[in-house]
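1. here are the coordinates; sequence isn't available:
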């Protein structure tokens, strides 16, 4: 339990870590944004394909894998369709901390719930190294997410202190949902396989719908592609040593 809580905490607080550089650096180049996002995508694909899916299949079988994965995809799809997105580059009209800013913050609170559940389900698995792998993958995804949220809030006129506080609160929501996922899966054993498959589907949706298109939208497709491969290999090595 202690290891699960620590891993979940570090993963969730990676959102804050991603926002910290913005307190000292005003802008990150598009090239480096794309490289970091693609690296994150590689990490998440590797964790999903080589960690979550095989373990879900082992724990609960093919039917549970199929149902859980599709539920993960559908859940994230519904969230993406109904919750407003952060679009800093194409929304220069934002100049104050208004209703739309509040909606974006609420969106990230909701968005972080399935991510936290994914970490909790993974730590409840029989595979002791899987929780670490997924926590690293979710944490890597949280860092650019925290950076984007910080960019949005600061461009909306929010002070750096309040921005850091709001980013921290979104991370705490993920930590809470991770704890809920851990307790639920530990209490209801048959739920673990579905939960792992759900986490896999959620990750794959984020990668294909958000991260890869974003990393290829500014003319740096080649370095982003190499970064994706390196991210995938990093998780293979982590899975090998922790598995």
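-> Sure thing, it's come through. Keep in mind it's a predicted model, so treat the numbers as computed, not measured.

2. residue 50: what's it in contact with?
-> Residues in contact with residue 50 (C-beta atoms under 8 Å, 6 or more residues apart in numbering) are 235-236, 239. Heads up, the C-betas are built off the backbone N, CA and C, glycines and all.

3. buried ones from those residues, can you make that a PyMOL selection?
-> The PyMOL selection below is limited to those of these classed as buried (16 or more other C-beta atoms under 10 Å):
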select buried, resi 235+236+239
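
4. among the contacts of residue 50, which are located in helices?
-> Of these, the ones assigned to helices by DSSP state H are 235-236, 239.

5. quick revisit: closest to residue 114 out of the contacts of residue 50?
-> Of all the contacts of residue 50, residue 235 has the smallest distance to residue 114: 19.6 Å, by C-beta to C-beta.

6. so the closest one touches residue 48, yeah?
-> No: the criterion here is C-beta atoms under 8 Å, and residue 235 misses it with residue 48 at 9.4 Å.

7. could you pull out the residues contacting both of those two?
-> residue 137.

8. quick one: the helices in the chain?
-> 2-19, 30-47, 53-60, 62-82, 99-124, 128-155, 160-187, 191-206, 212-215, 221-242.

9. elements contacting the second one?
-> With contacts defined as 3 or more C-beta pairs under 8 Å, 6 or more residues apart in numbering; DSSP states H and E, the packing partners of helix 30-47 are helix 128-155, helix 191-206, helix 212-215, helix 221-242.

10. what separates the third one from the chain centre, distance-wise?
-> Between the centre of helix 212-215 and the centre of its chain there are 15 Å (C-alpha atoms, centre = their mean, to the nearest Å).
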